[in-house]
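# here is the input, now give the coordinates:
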Amino acid sequence: MTRPQKEGKPSVIRYVVLLLILMCTPLSGSHGTEPAPPLALERSIPLIGVSGRIDHMAIDLARRRLFVAELGNGTVDVVDLAAGTVVHRINGLREPQGVGYSPTTDMLAVTGAGDGSVRFFQGGDFSPAGAVDLGNDADNVRLEAGTGRLVVGFGDGGLAVLDPANRSVVSRIRLPAHPEGFQLDAATHRAVVNVPDAGQIAVVDMTAGKLVASWPVPYLRGNFPMAFDDTDALIATVFRAPARLVLLDAGSGTVTTSLATCGDADDVFFDSRRHHIYVSCGEGEVDVFRREATGYRRLGRIRTGYGARTSLFVPQLDRFFVAARAGFLGIGSNAAILEFRPRP
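As a prediction, the model looks like this:
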């Protein structure tokens, strides 16, 4: 186990937090105060010594630990949210892209783009617990509700169902091209998958282990992040060219809404409590949309930092986390996890 990282000087951290608060707070006009932004920055947790691109995150709710895949650094940081600091770093990884935690087996899975592996670590002490080889470009990870199994997108086109209890591949399902963001629908036992290189959203029957439908969305390209709202049976997917948030009926794939959003999106989440949608973008912004009687509209745009395109909304904690790359506040600034509290 690596030693916990030392925090930076308190004055530096206070300066960073103050600057971020100023960045995320709208200016007051002479005729009254602007509405409060829909996300309030609570703190910035430094990731000291982390350089390059940061990819996806996952949560261990019982221990209040956040896992951060630091692709450019070849590491995964474990953030203790109670203490607000990094308590462990997993080194020696090959371009870690995805992280997934299975509470049923208390196992952390880390995918590698560089070697196509999925490496497992014990949830308590992060000791190595084995690995499986998927061939190449192991990417996003999703937890299968009820079973504790993990589903991983990988390679030139596939989903792999993994059993973390014995570190084995249960099944592989072919797709027409590399999968990006995807979601699992427990009610229908389907996976809905963004396959941007094939210009479609693929629908997979997880029980039968096969592709059963594909939904093209004309004139839009680069569908990377995806979220699923089981309450309203809606899928949110974000395209990069042009930058659009698109909502689809989860049963038919019919587009119900298309809205302009920020560029280079990499994550999107539904906040069912507030009827909000959060889109995090590499342009250095988070767009917040709200559902109203006439449909969705953009409620606000929160500035973060260039390259801060990866995020995680944790409804159980009611917090929204954004991973900011080193230098997002200027030369010399540490990478950081920006923790936002949704409002109201």
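
# can you tell me the helix or strand for Ala227?
strand 221-229 (DSSP states H and E).

# next SSE after that strand?
As the chain continues past strand 221-229, the following element, by DSSP H and E, is strand 234-241.

# what segments of the stretch 201-344 of the chain are helices?
Counting by DSSP state H, counting those that start in this stretch, the stretch 201-344 of the chain yields no residue ranges for helices.

# show me the shaky parts of the protein.
1-33 (pLDDT under 70).

# the same query, at a cut-off of 90, please.
In the predicted model, the chain carries pLDDT under 90 at residues 1-35, 145-147, 329-332, 344.

# in stretch 263-277, what counts as buried?
Neighbour-count burial for stretch 263-277 flags 263-271, 274, 276-277 (criterion: 16 or more other C-beta atoms under 10 Å). (Glycine included, C-beta is placed from N, CA and C.)

# and if you look at stretch 75-94?
Going by neighbour count (16+ other C-beta under 10 Å), the buried part of stretch 75-94 is 75-81, 84, 86-90, 93-94.

# re earlier: which single one of the buried residues of stretch 263-277 is nearest to Phe289?
Using C-beta to C-beta, the shortest approach to Phe289 within the buried residues of stretch 263-277 belongs to Ile277, at 4.3 Å.

# which non-adjacent residue is nearest the closest one?
Once its chain neighbours are removed from consideration, Ile277 has its nearest residue in Phe289; the separation is 4.3 Å (C-beta to C-beta, 6 or more residues apart in numbering).

# count the neighbours of that neighbour for me.
The tally of other residues near Phe289 (other C-beta atoms under 10 Å) stands at 26.

# that one touches Asp271, doesn't it?
No - using C-beta atoms under 8 Å, Phe289 and Asp271 do not qualify as a contacting pair, with a distance of 9.8 Å.

# any residues in contact with both of the two?
By C-beta atoms under 8 Å, 6 or more residues apart in numbering, Phe289 and Asp271 have these common neighbours: Ile277.

# that older thread, show me which of the buried residues of stretch 263-277 is closest to Ala62.
When those are compared for distance to Ala62 (C-beta to C-beta), Phe269 wins out at 21.1 Å.

# beta partners for that closest one?
As for beta bridges, Phe269 partners with Tyr278 under DSSP bridges.

# now do the strands in the stretch 1-150 of the chain.
Taking DSSP state E, counting those that start in this stretch to define them, one finds strands in the stretch 1-150 of the chain at 39-47, 57-60, 65-70, 75-80, 85-90, 96-102, 107-112, 117-122, 128-133, 141-143, 150-154.

# these: which one's closest to Leu234?
Using C-beta to C-beta as the measure, strand 141-143 is the one of these that comes nearest Leu234, at 17.5 Å.

# direction included, what does that closest one pair up with?
strand 150-154 (antiparallel).

# for the strand it pairs with, the distance to its chain's centre please.
In terms of C-alpha atoms, centre = their mean, to the nearest Å, the centre of strand 150-154 is found 14 Å from the chain centre.

# report the angle between that strand and strand 107-112.
An angle of 0 degrees separates the directions of strand 150-154 and strand 107-112 when computed by axes from the mean of the first three to the mean of the last three C-alpha atoms, to 10 degrees.

# which SSE is Val193 in?
Using DSSP H and E, the secondary-structure element containing Val193 is strand 190-195.

# what pairs with that strand, parallel or antiparallel?
Counting by DSSP bridges, the strands paired with strand 190-195 are strand 182-185 (antiparallel), strand 200-205 (antiparallel).

# of these, which is nearest Gly307?
Judged by C-beta to C-beta, the one of the strands paired with strand 190-195 that comes nearest to Gly307 is strand 182-185, at 23.4 Å.
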